[in-house]
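# need a 3D model of the sequence below.
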Amino acid sequence: MNTDLLLIKPDFHDIAIMPPIGLGYLSSILRKKGVSVAIHDNTLLGFDDKRLEALIRELRPRIIGLYAATPMIKRAEAIVQLAKRIDPEILVVLGGPHPTCTVEETLVYADAVVMGEGEETFPPMVERFLGGSRDFSGIAGCAFKEMGGQVKINPARDIIRDLDLLPFPDFEHMPISTYLSQGNTFGITQRTARSLPIMASRGCPSNCTFCQRFLGKKFRIRSAQNVVEELTHWKDKYQVDEFNFLDDNFTLVKKNVLDVCDQIHRKGLHIKFRFPNGVREDYLDEEILEALKSVGCYHLDFGIESGSQKVLDLMKKGKKLEDIVAKVHLCKKAGFKVSSSFLFGTPGETLEDMKQTIRFAISLPLDSACFSLVMPFPGTEVRKEAEAKGYLAHSDYEDYTMSLENMRPPLQTPDWSGKDILFMIRKANRDFFLRPKQIMTLLPSMLNPVNIKRYAVSFLKTLK
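As a prediction, this is how the structure comes out:
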């Protein structure tokens, strides 16, 4: 079998297993141009190198495109090397947050990099290569190695301003039945594995020091009609009635939120949905909450991050603790499940600040919480500070993970060591989750067959 393009998501210990939307968008666009595309999600399928080699030999792709966030970049590099051993002429292109922030480093082993959004950059690269050229000069938003090995970085491409112009992601050529039966879980509050992801907006205008801002700072949102058309399409096609909105800032513009809710009402669409990736609680009010609740939203996740105002300011979160408390109580009063992430390890934070965060988390009526580390990902402000001050302990990116089982703290400061941080995370988990009230709150979710293997066992390990 000869395939023009093989898109791969490398395997790593992901916090969620669901169809890769980004690769899905690329596949939809390229298929419309007559390109033959295969998609392989190794986070779901878990092929070892022998099976990956067999897959590549079977498909015989002319191009391999790899998505890579920072924790999966080492695995992505290994797949590049595997592909090149099979056929040195295969064009290997990397995209995603990590390659975008480490272009020259990535081009040591890859042939080309897509910087930022790929839907308008990658297709002309594919067409040019299939037409016989490896010279990507003039294609904004990419970098590549010229014939002599020199790195050429083209000008950045402008953001995609009209997201309605994008087709729906190509779920049809992914193993959706496997996702719906084995994967698709994103947090313990999720009700069923029969769910699909969706993104209604892109971009984040916030200035958090730990964020790579891969999709840019400019906020853009799809029309309400376009979003509801996609929800309806997947519900009808796969009999799915639960969705995970992966937006960072869905509630940023009130009118957009109300328009989406109104369109769901008008369509008579009966679904459940949640925001496991986080929403800014400071943009919520009673009208928004009532509208979301009325059309099936049941869970809101917040990025509170710290219970210390000093640390929130160091993170440049632009939030006040008293406002956070008020909004969490408002959401609980409206009947939502509410969870939040908390991050330890911002430079300037002390162990006492971390203890304050634990006390703050316990004081809130949260249904669940995630305690983890600030990760100094390339391209972030916190990494630049860590490198300047000598706080960076290592750059073994495969250990930059949310999983406490595999975590090796990448930062250490005069205020705390990596060992201190791990102790504080375990303390936070014990103090928060081992309260009788919290156990009773989470027990139904923990015993849900969807969660019992993926979360219950993992959670118990974090308490050790």
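# Leu94 belongs to a strand, doesn't it?
Yes: assignment of Leu94 by DSSP: H, G, I helix; E, B strand; the rest coil places it within a strand.
# enumerate the beta-bridge partners assigned to it.
On the basis of DSSP bridges, Leu94 is bridged to Leu66, Val113.
# correct me if wrong: it contacts Ala76.
Yes: using Cβ atoms under 8 Å, Leu94 is in contact with Ala76, at 6.3 Å. For glycine as for every other residue, the C-beta is placed from the backbone atoms N, C-alpha and C.
# anything in contact with each of those two?
Leu66, Ala68 (Cβ atoms under 8 Å, 6 or more residues apart in numbering).
# quick check: domain ranges of this structure?
5-153, 184-462 (automatic domain parsing).
# of all the ones you listed, which one is nearest Phe168?
If you check each of those against Phe168 by Cβ to Cβ, domain 184-462 wins as the nearest, at 5.2 Å.
# what mean pLDDT does that closest one get?
Mean pLDDT, computed over domain 184-462, is 90.
# which residues does the residue lying closest to Asp248 once chain neighbours are set aside contact?
Counting by Cβ to Cβ, 6 or more residues apart in numbering, Cys204 is the residue found nearest to Asp248 once chain neighbours are left out, at 4.8 Å. Counting by Cβ under 8 Å, 6+ apart, Cys204 touches Cys211, Arg213, Leu215, Gly216, Lys217, Phe219, Asp248, Asn249.
# same thing but 10 Å
With contacts defined as Cβ atoms under 10 Å, 6 or more residues apart in numbering, Cys204 is in contact with 211, 213-219, 247-249, 252, 280.
# filter those down to the buried ones.
Cys211, Arg213, Phe214, Leu215, Gly216, Phe219, Asp247, Asp248, Asn249, Leu252, Arg280 (16 or more other Cβ atoms under 10 Å).
# for Phe377, state which of those residues is nearest.
In terms of Cβ to Cβ, no member of the buried ones among the contacts of Cys204 lies closer to Phe377 than Cys211, at 8.3 Å.
# who's in contact with the closest residue to Arg157 other than its chain neighbours?
Closest residue to Arg157 apart from its sequence neighbours, by Cβ to Cβ, 6+ apart: Gly141 at 3.1 Å. Residues counted as contacts of Gly141 (Cβ under 10 Å, 6+ apart) are 95, 100, 113-118, 120-122, 124-125, 154-158.
# so which of the residues you listed are in helices?
Among these, the members falling in helices (DSSP state H) are Thr100, Phe122, Pro124, Met125.
# contacting residues around Thr106?
66, 68, 73, 76-77, 80, 94-96, 98-100, 112-113, 143, 151.
# show me the contacts for the nearest residue to it once chain neighbours are set aside.
Leaving aside its chain neighbours, Thr106 sits nearest to Pro99 (4.4 Å; criterion: Cβ to Cβ, 6+ apart). Counting by Cβ under 10 Å, 6+ apart, Pro99 makes contact with 66-70, 73, 76, 93, 105-107, 110, 112-115, 143, 378.
# please repeat the previous calculation with a cut-off of 6 Å.
Ala68, Thr106, Val113 (Cβ atoms under 6 Å, 6 or more residues apart in numbering).
# of the residues you listed, closest to Pro20?
Pro20 lies nearest to Ala68 out of the contacts of Pro99, by Cβ to Cβ, at 11.4 Å.
# pretty sure that closest one sits against Ala76.
Yes: counting by Cβ atoms under 6 Å, Ala76 is a contact partner of Ala68 at 4.2 Å.
# is Leu343 in a bridge, and if so with what?
Ser372.
# that one: neighbour count?
Residues within reach of Leu343, counting by other Cβ atoms under 10 Å, total 24.
# report the separation between it and Gly307.
11 Å (Cβ to Cβ, to the nearest Å).
# now do Leu364
For Leu364, the distance to Gly307 - Cβ to Cβ - is 9 Å.
# of the two, who's got more company?
Each of Leu364 and Gly307 has its neighbours counted (other Cβ under 10 Å); Gly307 has more, 23 against 18.
# that one touches Thr357, doesn't it?
Yes: under the criterion of Cβ under 6 Å, Gly307 makes contact with Thr357 at 3.8 Å.
# which residues does stretch 279-297 contact?
250-252, 257-258, 261, 264, 271-273, 300, 302, 323, 327, 334.
# who wins for neighbours among these?
Leu300 (28 neighbours).
# surely it is in a helix?
No: under three-state DSSP, Leu300 sits outside any helix and is assigned strand.
# run through the bridge partners of it.
Phe275, Val338.
# quick thing: my sequence starts at 16, can you match it?
New numbering, starting at 16: the last item is Leu315.
# and it, what does it touch?
Contacts of Leu315 (Cβ under 6 Å, 6+ apart): Phe290, Val294, Cys346, Phe351, Val353.
# and the gap between the nearest residue in space to the fourth one that is not next to it in sequence and Thr372?
Closest residue to Phe351 in three dimensions, ignoring its sequence neighbours and counting by Cβ to Cβ, 6+ apart: Leu315, at 5.2 Å. In this structure, Leu315 and Thr372 are separated by 20 Å, where distance is defined by Cβ to Cβ.
# next: Glu244.
Taking Cβ to Cβ, one finds Glu244 at 41 Å from Thr372.
# give me the more crowded residue out of these two.
Taking other Cβ under 10 Å, Glu244 and Thr372 do not tie; Thr372 has more neighbours (24 against 15).
# which residues touch that one?
Ser321, Gly322, Phe357.
# which strand or helix spans it?
helix 366-378 (DSSP states H and E).
# do Ala98 as well
helix 88-101.
# neighbours of Arg176, how many?
8.
# assign it to helix, strand or coil.
coil.
# ramachandran angles for the closest residue to Ala408 other than its chain neighbours?
Closest residue to Ala408 in three dimensions, ignoring its sequence neighbours and counting by Cβ to Cβ, 6+ apart: Gln427, at 5.0 Å. In terms of degrees, to the nearest 10, the main-chain angles of Gln427 are phi -150, psi 140.
# quick one: Gln427 and Gly218, what's the gap?
Taking Cβ to Cβ, one finds Gln427 at 33 Å from Gly218.
# Asp56: how many residues sit nearby?
Asp56 has 25 neighbouring residues, counting by other Cβ under 10 Å.
# equivalent analysis for the one 10 residues further on, please.
Residue neighbour count, defined by other Cβ under 10 Å, stands at 12 for Arg66.
# could you list the residues in contact with the helix or strand harbouring it?
Here Arg66, judged by DSSP H and E, is contained in helix 64-74. Contacts with helix 64-74, where a contact means Cβ under 6 Å, 6+ apart, come from Met16, Thr18, Leu21, Ala53, Leu97, Ala98, Ile101.
# grab the nearest non-local neighbour of Ile213.
For Ile213, ignoring the flanking residues on the chain, the nearest one in space by Cβ to Cβ, 6+ apart is Phe258 at 5.3 Å.
# got the contact list for Pro25?
Pro25 neighbours (Cβ under 6 Å, 6+ apart): Asn57, Met87, Arg90, Ala91, Ile94.
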